[in-house]
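*Asks:* Structure here, sequence nowhere to be found:
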């Protein structure tokens, strides 16, 4: 079964830039996988940040951006803020109605 | 404003069947533009897609859970439901229902329902 890979953890300084990635255990991620990104804080349901690779969800600030970098999908946060400290998940559409979540990245802002 | 609300028992015995219902308000579940899915999150762990259903009853399941999962839809009640059979402690999780597009953009989520599997 295909595994969607994410960095388990990442750290960024306030005001800094960080890029989280979303890859495949076998193969490359392209726009055909329609990568989407979600932010989750403890005890809360996930919040949609990005979909179709690079489309920001309503209300998401433009310091969040999505792209394909090499063979992975990427979420870049520019000018990180304290309240960006969260878990981030990507989802890939595998076709035939199948969705796969990545294992998530715990982002620390310090 | 679209809202989703999970309901069902918070405690299920091992080997029994977990049953949850998601009630949708603020939009029709019969919309041809969206799918309705279940996602779970074991305590301290990541999110896992369980499966989804379309308004016409077409269903799609995580291959790793497919043998134990059934998702159904009741358009008259604007609800969809999850059944997971032969549960073990590993099925203890917060279960979320959500709406998503054809290409897995999950845009509306329920608040989540904790289900504990224990005797």
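*Replies:* The structure has been received and is ready for your questions. The structure presented is a predicted model; accordingly, all values stated were derived computationally and were not measured.
*Asks:* Quick check: bridge partners of whatever residue of chain B ends up closest to chain A?
*Replies:* For chain B, the residue closest to chain A is residue B:60, as judged by Cβ to the nearest Cβ, at 3.1 Å. Quick note: C-beta positions are derived from backbone N, CA and C, even for glycine. Beta bridges link residue B:60 to residue B:52, judged by DSSP bridges.
*Asks:* any idea which residue sits dead centre in chain B?
*Replies:* residue B:38 (2.8 Å; Cα atoms, centre = their mean).
*Asks:* which stretch of helix or strand covers that residue?
*Replies:* Using DSSP states H and E, residue B:38 falls within strand B:35-41.
*Asks:* count of neighbours near the residue of chain B closest to chain A?
*Replies:* 17 (other Cβ atoms under 10 Å in any protein chain shown).
*Asks:* separation between it and residue A:69?
*Replies:* As judged by Cβ to Cβ, to the nearest Å, residue B:60 and residue A:69 stand 29 Å apart.
*Asks:* pretty sure residue B:61 is touching residue B:82, no?
*Replies:* No. Applying Cβ atoms under 8 Å, one finds residue B:61 not in contact with residue B:82, separated by 10.6 Å.
*Asks:* These two: who's more crowded?
*Replies:* Using other Cβ under 10 Å, the more surrounded residue of residue B:61 and residue B:82 is residue B:82, with 24 against 20.
*Asks:* Mind listing residues that contact whichever strand or helix holds that one?
*Replies:* Using DSSP H and E, the element containing residue B:82 is strand B:79-84. Residues from elsewhere that reach strand B:79-84, judged by Cβ atoms under 8 Å, 6 or more residues apart in numbering or on different chains: B:17-24, B:29, B:36, B:38, B:50-51, B:53, B:65, B:68-74, B:91, B:95, B:97.
*Asks:* what packs against whatever helix or strand residue A:65 lives in?
*Replies:* Element membership for residue A:65, per DSSP H and E: strand A:64-69. Of the remaining helices and strands, those touching strand A:64-69 by 3 or more Cβ pairs under 8 Å, 6 or more residues apart in numbering or on different chains; DSSP states H and E are strand A:47-51, strand A:55-56, strand A:72-78.
*Asks:* Identify each buried residue in whichever helix or strand comes after the longest one, please.
*Replies:* Per DSSP H and E, the first helix or strand lying C-terminal to strand A:72-78 is strand A:87-95. With burial defined by 16 or more other Cβ atoms under 10 Å in any protein chain shown, the residues of strand A:87-95 counted as buried are A:87, A:88, A:89, A:90, A:91, A:92, A:93, A:94.
*Asks:* Pairing partners for the first one in the sheet, please.
*Replies:* By that I understand residue A:87. residue A:40, residue A:106.
*Asks:* Give the full set of residues in contact with it.
*Replies:* Here residue A:87 is in contact with A:39, A:40, A:41, A:104, A:105, A:106, A:107, B:46 (Cβ under 8 Å, 6+ apart).
*Asks:* Centroid-wise, who is the farthest residue in chain A?
*Replies:* residue A:96 (22.3 Å).
*Asks:* Go ahead and confirm that residue touches residue B:60.
*Replies:* Yes. With contact defined as Cβ under 8 Å, residue A:96 and residue B:60 form a contacting pair (7.2 Å).
*Asks:* Can you pull the residues of chain A lying near chain B?
*Replies:* Taking Cβ under 8 Å from any Cβ of the partner chain as the contact definition, chain A meets chain B at A:1, A:34, A:36, A:38, A:40, A:45-46, A:48, A:51-52, A:57, A:87, A:89, A:91-93, A:96-104.
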